[in-house]
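[1] Could you look at this predicted model? Sequence included:
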Amino acid sequence: MSEIIFIEKLYLCYPIQYIYMKNIRPIQDPSRPKVYIETYGCQMNVNDSEVILSILQDEGYALTENMDEANVILANTCSIRDNAEQRIWGRVDQFKLQKRRRDGVVIGIVGCMAERLKDKLLEGHVVDLVAGPDAYRNLPMLLRAITPENPQIDTLLSHEETYADISPVRMDRNGISGFVSIMRGCNNVCSYCIVPYTRGAERSRDPYSIVREAQELFDNGYKEVTLLGQNVDSYLWKSEDGEQVNFARLLEMVAGISPDMRVRFSTSHPKDISDEVIHTMAAYDNICNHIHLPVQSGSSIMLEKMRRKYDREWYLERVRKIRSVIPDCGITTDVIAGFSGETEQDHTDTLTLMEEVVFDSAFMFAYSERPGTLASKKYPDDIPYEVKTQRLNEIIALQGRMSLKSNEREIGRRLKVLVEGPSKKNPDELCGRAGSNKMCVFPSRGEKPGDYCEVEVTGVTSATLLCSRID
Ligand code: 5AD
Ligand code: SF4
């Protein structure tokens, strides 16, 4: 069977739906009431905070970065592991002080922890507002209804909400790289994971609204857009008249905005990433060669128990496929140490898989049992804390060596880098990311954030590529 699939470039035929350039940065107006937003968790939450700010700006609020002057203090929260929630409880204690010092301050917990804990968050009378990830449109109404005796709560999940019509107000500092949510929720039931319970069922957003939002970023000077979803490979939008857009097609549509705008995406699922997506990435220079492909474990026994719906061999085959089509593709991953019943052999399987793949980088975690998940009901959290920690440390140490090895393979390569700003260590140098998502440092010739530079890799550390200029 032929390995090569030719992808025809798609010529965009969507309507341009706006006539003026929309301002997507926060409104500066000292006379407005102020909202302060702290964001925890994933990139999805970062983008949700931008949706929240957009909704609250329309209600007359302005953003502040100073909690001491805020009328409304919001924490957009994460429930993925117990330690994520513990951090937020620590912050609630800080918010309590604000409430004691200033009358009328409203404290809100929104996002995944709000969805998981619901009215339990109202105990202790610190929190005035609890809103789940699908309730943000109701925030103005909820805020208006709050009194000291009447805290407000909305944790209804939706099958339709995608906030497609809301232009997020961008809170990033450099105005170069923006996130666009392409879907919400998750239909997988990985046995360890709380996300399907906090974010509800999967729904894909109208692709034309996604392209419009990405175009809006480009018109405002952004050079990179990251398409976000819990499992981008299962993106599928169907119109009422039968038009269908899958993830590969969506990638083409966004890549077609401008060759000067890079497209990234996260997160891919090993069971769903298709050859079509891989070939689409290869066909467009501005789709970055980077795939975040969480493996979770290298043991097929653990993967089965985790309900990941692939095994070790399947994962390794997907990696081989990616590298055969895109030889220099960056591949990063997530790994969980110490899931229920994990034996020394299972752990060794994870280590050997990491050695075989040589991931560029990895997010590595100790298993944290989440109440209500399938694993919490069926599988005991039976790996002692010390063993989990020991295994996690081995995984982290190995990944350090693999990151170095992966970076050493880059020596001599020529890369196109998007400048983020001056390097932290040396103001005469710039830093920015290559398409693979690796951080590069190189001599400045006065370029600004958002410019592209051609560099050659001359040296490495485990975290950075040290480069010379070739342009
Ligand atoms: N314990 C530890 N790590 C978890 N993750 C998800 N749920 C848990 C859990 N209960 C990790 C997975 C996922 C990443 C976002 O968080 O590796 O890919
Ligand atoms: Fe993101 Fe998951 Fe945390 Fe929710 S629980 S904020 S989806 S990482």
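    Thanks, I have the structure now. Ligands and ions are numbered 1, 2, ... in the order given.

[2] On the three-state scheme, residue 51 is what?
    Assigned by DSSP: H, G, I helix; E, B strand; the rest coil, the conformation of residue 51 is helix.

[3] Let me fix that, I meant to ask about residue 109.
    Per three-state DSSP, residue 109 ends up strand.

[4] just the one 4 residues further on next, same as before
    Classification of residue 113 into helix, strand or coil gives helix, according to three-state DSSP.

[5] Hmm, residue 78 and it touching each other?
    Yes - counting by C-beta atoms under 8 Å, residue 78 is a contact partner of residue 113 at 6.7 Å. C-beta here means a position set from N, CA and C on the backbone, and glycine is covered the same way.

[6] The two: which is more packed in?
    residue 113 (27 against 23; other C-beta atoms under 10 Å).

[7] what sits against the closest residue to the more buried one other than its chain neighbours?
    Nearest non-adjacent residue to residue 113, counting by C-beta to C-beta, 6 or more residues apart in numbering: residue 77, 3.6 Å away. Counting by C-beta atoms under 8 Å, 6 or more residues apart in numbering, residue 77 makes contact with 40-41, 45, 84-85, 88, 109-114.

[8] What of residue 347?
    Applying C-beta under 8 Å, 6+ apart, the residues near residue 347 are 299, 337, 391, 394.

[9] I'd like to know how many residues surround the first one.
    Right, residue 299. 23.

[10] Tell me the pLDDT of it.
    pLDDT for residue 299: 98.

[11] Tell me the backbone dihedrals of it, please.
    Backbone torsions of residue 299, given as degrees, to the nearest 10, read phi -100, psi 120.

[12] Quick one: residues in contact with stretch 137-149.
    So stretch 137-149 is contacted by 52, 55-56, 58-59, 72, 106, 110, 128-129, 131, 135, 152-154, 161, 163 (C-beta under 8 Å, 6+ apart).

[13] about what we covered before: ok, now how distant is the residue nearest to residue 113 from residue 65?
    In this structure, residue 77 and residue 65 are 19 Å apart, going by C-beta to C-beta, to the nearest Å.

[14] Now, the contacts of stretch 137-149 that are in strands?
    72, 106, 110, 129, 131, 152-154 (DSSP state E).

[15] top of the residues you listed by neighbour count?
    Neighbour-wise, these (other C-beta under 10 Å) top out at residue 110, 28 neighbours.

[16] who's that one bridged to?
    As for beta bridges, residue 110 partners with residue 76, residue 131 under DSSP bridges.

[17] In the stretch 151-300 of the chain, what residue comes closest to ligand 2?
    residue 195 (4.5 Å; C-beta to the nearest ligand atom).

[18] tell me the domain ranges of this protein?
    34-154, 172-288, 292-304+318-409, 414-469 (automatic domain parsing).

[19] What does the pLDDT read for the residue in the stretch 101-250 of the chain positioned nearest to ligand 2?
    For the stretch 101-250 of the chain, the residue closest to ligand 2 is residue 112, as judged by C-beta to the nearest ligand atom, at 3.4 Å. Residue 112 carries a pLDDT value of 98.

[20] so what's the residue of the stretch 151-300 of the chain closest to ligand 2 closest to, chain neighbours aside?
    residue 186 is the one closest to residue 195 (C-beta to C-beta, 6+ apart), at 5.0 Å.

[21] Count the neighbours of the residue of the stretch 251-400 of the chain found nearest ligand 2 for me.
    Closest contact between the stretch 251-400 of the chain and ligand 2, by C-beta to the nearest ligand atom, is at residue 370 (8.9 Å). The local packing of residue 370 (other C-beta under 10 Å) involves 22 other residues.

[22] Now do the buried residues in the helix or strand bottoming out on mean pLDDT in the chain.
    Taking mean pLDDT, DSSP states H and E as the measure, helix 82-101 is the helix or strand of the chain with the lowest mean score, a mean of 95. Using 16 or more other C-beta atoms under 10 Å as the test for burial, helix 82-101 gives 84-85, 88, 91-92, 95, 98-99.

[23] follow-up on the earlier one: can the contacts of residue 77 go into CSV with extra columns for distance to ligand 1?
    Shown next, in CSV, are the contacts of residue 77 (distance: C-beta to the nearest ligand atom, whole Å):
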residue, distance to ligand 1
40, 13
41, 9
45, 11
84, 9
85, 11
88, 16
109, 20
110, 19
111, 15
112, 11
113, 14
114, 18
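
[24] Can you name the element that comes right after the lengthiest helix in the chain?
    Counting by DSSP state H, the longest helix found in the chain is helix 385-408. Once the chain leaves helix 385-408, the next helix or strand it forms, by DSSP states H and E, is strand 414-422.

[25] near ligand 2, which residues of this protein?
    The chain has residues 41-42, 44-45, 78-80, 111-112, 194-195, 198-199 near ligand 2, with proximity defined as C-beta under 6 Å from any ligand atom.

[26] Need the pLDDT of the residue of the chain positioned farthest from its centre.
    Most distant from the centre of the chain: residue 149, at 36.8 Å, with distances by C-alpha atoms, centre = their mean. pLDDT recorded at residue 149 is 94.

[27] Would you list the phi and psi of it?
    Dihedral angles (degrees, to the nearest 10) for residue 149: phi -90, psi -10.

[28] cool, and residue 138?
    Dihedral angles (degrees, to the nearest 10) for residue 138: phi -90, psi 0.

[29] still on that earlier bit, can you give me every residue that contacts the residue nearest to residue 195?
    193, 195-196, 199, 201-202, 230-231.

[30] Tell me the helices and strands packed up against the least confident helix or strand of the chain.
    Helix 82-101 sits against strand 72-77, strand 106-111, with contacts defined as 3 or more C-beta pairs under 8 Å, 6 or more residues apart in numbering; DSSP states H and E.

[31] Correct me if wrong, but residue 345 is in a strand.
    No - if the criterion is three-state DSSP, then residue 345 is helix and not within a strand.

[32] what about it, distance to residue 140?
    From residue 345 to residue 140 the distance is 55 Å (C-beta to C-beta).

[33] Comparing those two, which shows the higher neighbour count?
    Remark: of residue 345 and residue 140, residue 140 carries more neighbours, 15 against 9, as counted by other C-beta under 10 Å.

[34] With adjacent residues omitted, what lies nearest to the residue in the chain that ligand 1 sits nearest to?
    Proximity of the chain to ligand 1 (C-beta to the nearest ligand atom) peaks at residue 334, 3.3 Å away. In this structure, residue 334 finds its nearest non-sequential neighbour in residue 294, 3.7 Å apart by C-beta to C-beta, 6+ apart.

[35] For the residue nearest to the residue of the stretch 101-250 of the chain closest to ligand 2 when sequence neighbours are not counted, list the residues it contacts.
    Nearest residue to residue 112, sequence neighbours excluded (C-beta to C-beta, 6+ apart): residue 198, at 3.8 Å. Residues in contact with residue 198 (C-beta under 8 Å, 6+ apart) are 79, 111-113, 115-116, 132-133.

[36] Noted, bye for now.
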